[in-house]
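Q: Mind folding the following:
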Amino acid sequence: MKFLIDAHLPPSLRAVFQAAGHDAIHTLDMPDQNASRDGLLNEVSMAEMRVVVTKDTDFYYSHLLHGRPWKLVLVRTGNLGL
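A: I've put the predicted structure just below:
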């Protein structure tokens with residue numbers, strides 16, 4: 001599968017997906033890097049059939065209302081004690 005990892009998630013997650021045999025890019029790989037607009041991520045997702053992996057609920061609502069991005073994994077976490 002192809003994945004596009006949003007700026008809110010660590011770039012090291014890309015290596016986890018790649019080690020599992022997937023084609024994964026992070027927003028840091030894009031021309032505007034972590035400043036890439038959500039609209040551009042949606043365009044790349046649709047054009048390249050990439051699953052967007054994000055913590056940003058804006059993508060959730062966009063996917064429900066407009067079918068963009070192509071596919072979505074919304075990462076949710078509770079309180080993390082570090």
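Q: how close does Ala7 get to Gly21?
A: Relative to Gly21, Ala7 is positioned 24 Å away (C-beta to C-beta, to the nearest Å). (Each C-beta comes from the backbone N, C-alpha and C, glycine too.)
Q: whoops, Ser12 was the one
A: Separation of Ser12 from Gly21 (C-beta to C-beta) stands at 17 Å.
Q: returning to that earlier point: give me the more crowded residue out of Ala7 and Gly21.
A: When neighbours are counted by other C-beta atoms under 10 Å, Ala7 comes out ahead of the other of Ala7 and Gly21, with 18 against 7.
Q: can you confirm that one is in a helix?
A: No - Ala7 sits outside any helix when classified using DSSP: H, G, I helix; E, B strand; the rest coil, being coil.
Q: three-state assignment of Gly21?
A: Gly21 is classified as coil under three-state DSSP.
Q: Against Ile5, how distant is it?
A: 16 Å.
Q: what does Ile25 give?
A: Ile25 sits 7 Å away from Ile5, going by C-beta to C-beta.
Q: These two: who's more crowded?
A: Using other C-beta under 10 Å as the criterion, Ile25 and Ile5 rank with Ile5 on top: 27 against 18.
Q: Surely the more buried one is in contact with His22?
A: No - shown here, Ile5 and His22 do not form a contact pair, counting by C-beta atoms under 8 Å, at 10.7 Å.
Q: List the neighbours of stretch 69-78 that are in contact with it.
A: 3-4, 9, 41-42, 45-46, 49-55, 57, 59-60, 62-63 (C-beta atoms under 8 Å, 6 or more residues apart in numbering).
Q: Repeat the analysis, applying 6 Å as the threshold.
A: With C-beta atoms under 6 Å, 6 or more residues apart in numbering as the test, stretch 69-78 has contacts from Asn42, Ser45, Met46, Met49, Val51, Val52, Val53, Lys55, Phe59, Tyr60, His63.
Q: If we ignore the residues flanking it in sequence, what's nearest the last one?
A: Leaving aside its sequence neighbours, His63 sits nearest to Leu72 (C-beta to C-beta, 6 or more residues apart in numbering; 4.8 Å).
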